[in-house]
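Q: Curious how this folds, go ahead:
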Amino acid sequence: MAIPEANTPTRQPQKPVAPAPIPTATDEPALNDRFARPERELGQTLIARPAEDLRKLIDVNERFLFTRELFGGNSETYGQAIRRLNELPNLTEALNYLDSELTPAHAWNPESKIVLHLRDILEQRYR
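A: This is a model prediction of the structure:
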């Protein structure tokens with residue numbers, strides 16, 4: 001005796017069930033976003049920070065460059081000029097000293113890259 005086919009259950013392929021979405025709070029930032037800080041490059045950080053001492057703003061390479069190119073290799077004259085610039089109370093007086101005393105005394109070209117770089121460092125010092 002044969003079993004009728006109508007009574008035999010056939011297995012239908014099941015459709016995959018999608019996982020339920022995880023509820024998120026759109027009004028509240030993620031933990032990572034709350035603790036994230038805006039990225040700044042190291043150079044921007046150092047430039048933004050004024051210094052009490054001009055010598056801290058001038059790295060070793062700049063010191064040798066300034067001594068050789070602006071002060072004729074005389075490190076004592078360089079040191080005296082930097083000490084004097086440090087003593088001045090504001091940027092106006094520092095630039096006045098640079099323009100009226102140092103530039104003519106050492107025959108600097110006020111538009112040279114090295115002198116302009118020294119001016120930039122002075123502006124950073126008195127910011």
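Q: What is the least confident helix or strand in this structure?
A: helix 42-48 (a mean of 59; mean pLDDT, DSSP states H and E).
Q: Help me confirm that Arg119 comes into contact with Tyr97.
A: No: checked against CB atoms under 8 Å, the pair Arg119 and Tyr97 is beyond contact range at 11.6 Å. Backbone N, C-alpha and C define where each C-beta goes, glycine included.
Q: Contacts only, for the residue lying closest to Tyr126 once chain neighbours are set aside.
A: Distance criterion CB to CB, 6 or more residues apart in numbering; nearest residue to Tyr126, sequence neighbours excluded, is Leu91 at 3.7 Å. Counting by CB atoms under 8 Å, 6 or more residues apart in numbering, Leu91 makes contact with Leu122, Glu123, Arg125, Tyr126, Arg127.
Q: hang on, the earlier thing: how far away from the center of its chain is the very next helix or strand once past the least confident helix or strand of the chain?
A: Per DSSP states H and E, the first helix or strand lying C-terminal to helix 42-48 is helix 54-57. Put simply, helix 54-57 sits 17 Å off its chain's centre (CA atoms, centre = their mean, to the nearest Å).
Q: Packing partners of helix 54-57?
A: Contacts defined by 3 or more CB pairs under 8 Å, 6 or more residues apart in numbering; DSSP states H and E place helix 54-57 against helix 75-87, helix 113-125.
Q: how about those helices in a markdown table, adding mean pLDDT and mean neighbour count?
A: A markdown table is the format used below for the helices and strands packed on helix 54-57 (pLDDT from 0 to 100; neighbours: other CB atoms under 10 Å):
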| stretch | mean pLDDT | mean neighbour count |
| --- | --- | --- |
| helix 75-87 | 96 | 15 |
| helix 113-125 | 94 | 16 |
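Q: If anything else comes up later, I'll come back, but that's it for now.
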